[in-house]
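> fold the following and give me the result.
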Amino acid sequence: MVTSVNRRDSYLASKVASLKPSGIRKFFDIAATMKDVISLGIGEPDFTTPDPILAAGCRSLQRGETHYSSNAGIFELREALTKHLQGMYGVAYDPASEVVISVGGSEALYLAATALLEPGEEVIIPTPCFVSYQAEVTLAGGVAVEVPSLMEDNFVLDPVKIEAAVTQRTKAILISYPCNPTGAVAERETLMEVLRIAEKHDLIVISDEIYDQLVYGDHQHVCFSTLPGAWERTLLLGGFSKDYAMTGWRIGFAAGPADIIKGLTRIHQYTIMCAPTTAQAAAITALKEGRPYVEEMVAEYDRRRKLIVSGMNEIGLPTFEPKGAFYAFPKVSVTGLNDEEFANRLLKEESVAAVPGSAFGAGGEGFLRCSYATAYDQIEEALTRINRFVKHL
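Okay, the predicted model is just below:
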């Protein structure tokens, strides 16, 4: 008699079964079951999408524009996007062949990894970084090689360490400035060193610049593909979620050389078909009319940034001053707790949700990501609770 074997535990591919759950979602899900929680955990603007952008989406629906667009996206949007990039940074892309509109920046990252990587090829990733980077490389069959950045270096990558990580299997370097979770930005000189390494070893640079307009003080964002000689080996990723408070619209993009974008579009064609038509219509208005609203949001983020950084330092949690995005990254290991213990106890004892730095890869251990994309008074109350928690340790 043949004995039936239960294979259920082995149905999942090993690369999926081995993935860690997102550290961000873990704390968000726990916080959602509690009362009176102040969440500093989710990287989502607390602003509603600006009215002209909302109205554009509504008009699109009212006109009955509820059908598929072209795979690469509505041409008017691609054209508006290339004009925007040209106006902001002086970088030129052909809207017909060098841009694809994706379902958020996350899909653009998935497309990039899947299109570029052969099994076993390596991607160098400076960390701490967004939690999806290593996972997307793994799911594409590649190998994520983490290179930690240090608080002492303002959490900006060390080119010497990056080059030391290059092997014969290295295919790409994946960078993201302004950085989630640290708020770090990279100066032009540092990015030029990354380009030098990429040229020397014939690598692609995937530059995720989704927080490009959220910068503070005198800093000017440097678009990687504008560097001399960088364009032909750069895949630029971006989106509308952070700059325009459009997280739920799920709209992003990838821009780069036509042969690379052709590969991304082919995968997009078979997996997604096209980004949501309504969101694409709204994104056109975001590019044409959204800048004043972005500036208003940046001014308010800056006010909150100053509050949370000074507050954390006064509590005794050393905090690097973020120059972009909307995250503070205090060092909590000075309390004697590791970041997981600190985050768990802070949530349980004071109902403040934040994300352990270790969720963002090597270099994040001992830190806590705190989003200041939440109301000023909520940040004030969170600081009061964190201060009380630290004093009781």
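> those strands in the protein, which residues are they?
38-39, 99-102, 122-127, 143-148, 170-175, 204-208, 234-239, 252-255, 327-328, 352-353, 355-356, 368-371 (DSSP state E).
> residues contacting the first one, please?
With contacts defined as C-beta atoms under 8 Å, 6 or more residues apart in numbering, strand 38-39 is touched by F28, A31, S351, V352, A353, S371, T374, Q378, E381, A382, R385. For every residue, glycine as well, the C-beta is placed using N, CA and C.
> now flag whichever of those is closest to D259.
S371 (37.7 Å; C-beta to C-beta).
> tally of neighbours for that closest one?
Look at S371: counted by other C-beta atoms under 10 Å, it has 26 neighbours.
> out of the strands of the chain, which is closest to T66?
Of these, nearest to T66 by C-beta to C-beta is strand 99-102, at 16.9 Å.
> among the contacts of strand 38-39, which pair sits farthest apart?
Farthest apart among the contacts of strand 38-39 - using C-beta to C-beta - are F28 and E381, which lie 18.7 Å from each other.
> where does pLDDT dip in the chain?
1-9, 23-28, 30-31 (pLDDT under 70).
> how about the lengthiest helix in the chain: buried residues?
In the chain, assigned by DSSP state H, the helix with the most residues is helix 291-315. Buried residues in helix 291-315, counted by 16 or more other C-beta atoms under 10 Å: 291, 293-294, 297-298, 300-302, 304-305, 307-309, 311-312, 315.
> and that helix, what other elements does it pack with?
Packing partners of helix 291-315 (3 or more C-beta pairs under 8 Å, 6 or more residues apart in numbering; DSSP states H and E): strand 327-328, helix 376-392.
> let's have these in JSON lines, adding distance to R196.
Converted to JSON lines, the helices and strands packed on helix 291-315 look like this (distance: least, C-beta to C-beta, whole Å):
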{"stretch": "strand 327-328", "distance to R196": "29"}
{"stretch": "helix 376-392", "distance to R196": "40"}
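> to L191, which of those lies closest?
Here strand 327-328 is closest among the helices and strands packed on helix 291-315 (C-beta to C-beta), at 20.5 Å.
> kindly provide the distance from the residue nearest to R169 when sequence neighbours are not counted to G357.
Residue nearest to R169 in three dimensions, not counting chain neighbours: E122, with 4.7 Å by C-beta to C-beta, 6 or more residues apart in numbering. In this view, E122 and G357 are 24 Å apart by C-beta to C-beta, to the nearest Å.
> now do D51
37 Å.
> neighbour count: the two, which is higher?
Set D51 next to G357 and count neighbours by other C-beta under 10 Å: G357 wins out with 29 against 10.
> next up, the contacts around that one.
Contacts of G357 by C-beta under 8 Å, 6+ apart are P128, P181, F329, V332, D339, G364, E365, G366, F367, L368, R369.
> apply 6 Å and report the result again.
By C-beta atoms under 6 Å, 6 or more residues apart in numbering, G357 lies in contact with D339, G364, F367, L368.
> adding neighbour count and distance to A115, write those residues out as JSON lines.
Shown next, in JSON lines, are the contacts of G357 (neighbours: other C-beta atoms under 10 Å; distance: C-beta to C-beta, whole Å):
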{"residue": "D339", "neighbour count": "25", "distance to A115": "34"}
{"residue": "G364", "neighbour count": "26", "distance to A115": "28"}
{"residue": "F367", "neighbour count": "30", "distance to A115": "33"}
{"residue": "L368", "neighbour count": "29", "distance to A115": "35"}
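> skipping adjacent residues, who's closest to G90 in space?
Nearest to G90 is T226, by C-beta to C-beta, 6+ apart, at 6.0 Å.
> number of nearby residues for the one you found?
18.
> same deal with V99?
For V99, using other C-beta under 10 Å, the count is 26.
> equivalent analysis for Q86, please.
Q86: 12 neighbours (other C-beta under 10 Å).
> hang on, the residue nearest to G90 packs against Y89?
Yes - using C-beta atoms under 6 Å as the test, T226 is close enough to Y89 to be in contact (5.2 Å).
> what sits against L54?
L54 neighbours (C-beta under 6 Å, 6+ apart): none.
> what's the answer for P178, then?
Contact partners of P178, counting by C-beta under 6 Å, 6+ apart, are V185, Y211, G324, A325.
> format the residues you listed as CSV; extra columns: neighbour count and distance to S149.
Converted to CSV, those look like this (neighbours: other C-beta under 10 Å; distance: C-beta to C-beta, whole Å):
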residue, neighbour count, distance to S149
V185, 24, 12
Y211, 26, 16
G324, 26, 15
A325, 29, 15
